[in-house]
Each structure stands twice: as structure tokens, then as C-alpha cells.
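Undergrad: when you get a sec, could you give me coordinates for this:
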Amino acid sequence: MANIYTLRAFLFGEWSSDVRLDGKTVIITGANTGIGKETTRDLAKRGARIIMACRDIPKAEVTQREIIEDSGNQNIVIRKLDLSDTKSIREFAEIINNEKQLHILINNAGVMMCPYSKTADGFEMQIGVNHLGHFLLTFLLIDLLKKSAPSRIILLSSMAHSWGTIKLDDINSEKSYHSRRVYGQSKLANILCTRSLGRRLKDTGVTVYAVHPGIVRTELKRHMNLGLLFLWKVVRPFTKTTVQGAQTTVYCAVEPSLQSETGGYYSNCGLSSCTRAARDDEMAEKLWELSCQMLGISWD
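TA: Prediction:
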């Protein structure tokens, strides 16, 4: 039995904690489905005030009712957020900045291997939503996070960061588009952004973590081609449920010992290794500068 438990801990990152979040405010993007939904459920049971940042309001309302009933926590609200539109991001942030405090920002929402398309601002959809949307959101909320310190920022990345490279001269994939590699680029950008942000927020009380949730059974796989769907059927017995997939996010949000750590990449509820490209601080700075330029912001 011990060996079976050890294997499950390795594969699924099983972890538990009784840490409470009473009096804390949490934002979770993409909170109405998949990993985001289970993260919302877990943190609601810990007593946090949850702001569900969602694009699909009717679907979010169904999740909201379910989690209020399950957790007994009435302090769960929904706010409209479309990460593919900077106007929506700015409107959301303007509302949130009227809050008295913000302790945890979980940048969870994302798109995966979708057909080529662009955001409302002309960014390629995967880099636009997965990286630039959350980059702008974090920028707009950073003063509130600093004011509320100690506070935390969690970015959902993936082991798929190894599939991509940062193409500074074609960040919107207009010269060529391969959905899997471009998804990998966006997840690599999440880790590089975490490293840069961790350095910039040193000594502010705001800490940052990138998370690989594991291979999780979510709706994100809906754009997989036939070859990847076949592979999915092979590996499915070793994949995680959404509850298991949420555990590393929850770990990075609540584990007390992480308050002195920042900028790291986590998997299975522990610090993990990432590719050499994901540790390239020179590229991280170039990407940071390009992101600011694309979004028309200045973040010193």
C-alpha cells in the first residue's frame, strides 16, 4: 500500500492542508469550469471571498450556485472578464480596484491548440489570452496586491512549455502557425513572466508562482487533432481529474512555507524543473519589454 500511495503522490501530487482564508479576497480567472472551478470550490471551503472572473456569465452563475451550496460560503461573486479583449480587462480591473483588498490572483483561464484566430486587439489568440491578457490584468491590479501584502499571484503554465519557443519577431504567428507549438510558446511565456515578475516584486510582499497542473481531463482538449486524441486515449489512465489538477494551484495559493519563495515553477505540489528556455532571463526581459510595447503600458 505504501508503494501505491507513493506512486499516486508522484503522479497526482496528492496534498492536504487545513489552512483557512477567512477575510482574504481571491480572484480566479476561468473560475466556472475545469481546474478553475475546483480551485474556486476548494478556496471557498477555506472561507475566502471569491471573485469569479468569467467570460460566460450564465455558465458562471450555475457554478456559483453549486459552490455556494457545496461550501456554505455565500461570499462568492461573479465579474465579467474576457481576456481576449483589453477593453474588457481594463473594465474588470477598474471595478476590482474599488475593492479594499486583494490577496490572491490566480491567472487560470486559457485556450489550447485552437485554430488560428485573433483577439479583439489583433493578437494571436493563444499568446493573447494565455500570456498578454493575464499580463495586462496583473499590471492593472498590482498596486492593490501590493497594498494587501502579503499577497500571491499564480500563473497556470504547463509542461507544454517545452513544445514552444518565443518568437519575438513573429509573436502573433503571422508567418507560420502550428497550434501545438504556439500553445507551447504561450505557456513558456507564463514561466518567463513569472521569473521576471518575481524579481520586480522583490521585497514588496507579493510573491509569484508558475504552475503545471498535470495532464488533466478538461474541456481544453476539444481542439486536439486525431493524432493527439489517439495519444490522449493511451495516456488517459495516467491523467488527473480536475480536482487533482487543481491541487498545485491551491498549494501555491495557501501553503505558508511558500511566502518566502517567489518566481518558481511548481508541479505536483512541489518545486519542479523546467526547460533551459524557461530559465533564460535574457529572453524573459526581451519578452517583458515586447509585452509592454504591445499592450501600450510601462511597468518599471
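Undergrad: low-confidence bits of the stretch 201-300 of the chain, can you list those?
TA: 216-238, 240 (pLDDT under 70).
Undergrad: please enumerate the helices of it.
TA: 226-235, 242-245, 247-254, 281-295 (DSSP state H, counting those that start in this stretch).
Undergrad: what is the third one packed up against?
TA: So the one you mean is helix 247-254. Packed against helix 247-254 by the contact rule (3 or more C-beta pairs under 8 Å, 6 or more residues apart in numbering; DSSP states H and E) you find helix 34-45, strand 104-107, strand 151-156, strand 206-212, strand 264-267. (Each C-beta comes from the backbone N, C-alpha and C, glycine too.)
Undergrad: out of the helices of the stretch 201-300 of the chain, flag the one nearest residue 106.
TA: Set against residue 106 and scored by C-beta to C-beta, the helices of the stretch 201-300 of the chain come closest in helix 247-254, at 6.3 Å.
Undergrad: quick one, that closest one and helix 34-45 angle?
TA: 40 degrees (axes from the mean of the first three to the mean of the last three C-alpha atoms, to 10 degrees).
Undergrad: centre of the chain versus helix 247-254, how much separation?
TA: Distance of helix 247-254 from the chain centroid (C-alpha atoms, centre = their mean, to the nearest Å) equals 11 Å.
Undergrad: need the residues that contact that helix.
TA: Under the criterion C-beta atoms under 8 Å, 6 or more residues apart in numbering, residues 12-15, 17, 19, 21, 26, 35, 39, 42-43, 46, 104, 106, 108, 152, 154, 156, 209, 211-214, 258, 266-269 lie in contact with helix 247-254.
Undergrad: check which residues of that helix are buried.
TA: By neighbour count on 16 or more other C-beta atoms under 10 Å, the buried set for helix 247-254 is 247-254.
Undergrad: what's the angle between it and strand 151-156?
TA: Using the same axes, to 10 degrees: helix 247-254 against strand 151-156 is 160 degrees.
Undergrad: alright, calling it a day.
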